[in-house]
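Participant: one predicted model, sequence on top.
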Amino acid sequence: MVDNPSGNIDPAKVASLEHLLDRQQITDCMVRFSRGMDRFDRALFLSAFHSDAVISAGDFVGGPVELYDWASGLHEQGQSATHHNLLNHSCELDGETAHSETYYLFVGCNRDNTNWLAGGRYIDRFERRSGEWKIALRCNAIEWSSVLGAAEIPFADVVDGHLNGVVARSAEDISYLRPLLNRRKLSNKRS
């Protein structure tokens, strides 16, 4: 909630700001879910869900801990990299509850040198508990899926291609580096 002790701000603008802040917290929650899965960051993944949330995804129906264990095992065994891309997002706020629909595009680099693509929508009920928006109920509506042949990354054999950091499905990933530095630029200055 936005505090307005002086009362100088137009109440309609305060309401709009609160609405935008709620929407941003919900979007941030969706990103935590996706990033947590792609980086195998269990704590980040679980931070997107209330502990008693119920999720249905394909054959899976269960809670967030069981979902993480099931999905991370599936992705570890089947893919060397995954991207859970979030696309169109609509969200209806109703007090301490919100209903959202988020389109997604899943891309997985399969261990058999194919690529798995799938698209669908996350249909979610969010609840704000103790001031924090998290997913309380999710239905993963998988709408299509296909497998394509893989191609080599054109710059994969570039010398020191990962000088700025490695790509990893863990906290070793470049995205966790703080502070993020351009190590290639630093290396060139030293030469």
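Facilitator: Good, I have the coordinates. Numbering: from 1, shown residues only.
Participant: how near is residue 137 to residue 146?
Facilitator: Counting by CB to CB, to the nearest Å, the gap from residue 137 to residue 146 is 28 Å. Yep, even glycine has a C-beta here, placed from its N, CA and C like the rest.
Participant: distance-wise, check residue 22 relative to residue 178.
Facilitator: As judged by CB to CB, residue 22 and residue 178 stand 28 Å apart.
Participant: same question for residue 88.
Facilitator: Here the criterion is CB to CB. By it, residue 88 lies 31 Å from residue 178.
Participant: show me which of these two is the more surrounded one.
Facilitator: Neighbour count, other CB atoms under 10 Å: between residue 88 and residue 178, residue 88 has more, with 9 against 6.
Participant: list the contacts for that one?
Facilitator: By CB atoms under 8 Å, 6 or more residues apart in numbering, the residues touching residue 88 are 101, 102, 103.
Participant: hmm, residue 183 is touching residue 166, no?
Facilitator: No - in this structure, residue 183 is not within contact of residue 166 by CB atoms under 8 Å, at 11.3 Å.
Participant: who has more neighbours, these two?
Facilitator: Higher neighbour count among residue 183 and residue 166: residue 183, with 15 against 12, using other CB under 10 Å.
Participant: mind listing what's buried along stretch 67-83?
Facilitator: Buried residues in stretch 67-83, counted by 16 or more other CB atoms under 10 Å: 67, 68, 70, 71, 72, 75, 79, 82.
Participant: for the chain, which segments count as helices?
Facilitator: Under the criterion DSSP state H, helices of the chain are mapped to 11-38, 42-46, 64-78, 183-190.
Participant: chain center to stretch 52-63, what's the gap?
Facilitator: Its chain's C-alpha centre and that of stretch 52-63 lie 17 Å apart, by CA atoms, centre = their mean, to the nearest Å.
Participant: residue 46 against residue 32, yeah?
Facilitator: No - counting by CB under 8 Å, residue 46 does not reach residue 32; the two are 9.0 Å apart.
Participant: not counting sequence-adjacent ones, nearest residue to the spatially most central residue of the chain?
Facilitator: Centrality entry for the chain: nearest residue to the mean C-alpha point is residue 34, 1.9 Å, by CA atoms, centre = their mean. Nearest-residue entry for residue 34: residue 84, 4.0 Å, with adjacent residues in sequence omitted and distances by CB to CB, 6 or more residues apart in numbering.
Participant: burial of that neighbour, as a residue count?
Facilitator: Neighbour count for residue 84, taken as other CB under 10 Å: 21.
Participant: also residue 146?
Facilitator: Neighbours of residue 146 under the rule other CB under 10 Å: 10.
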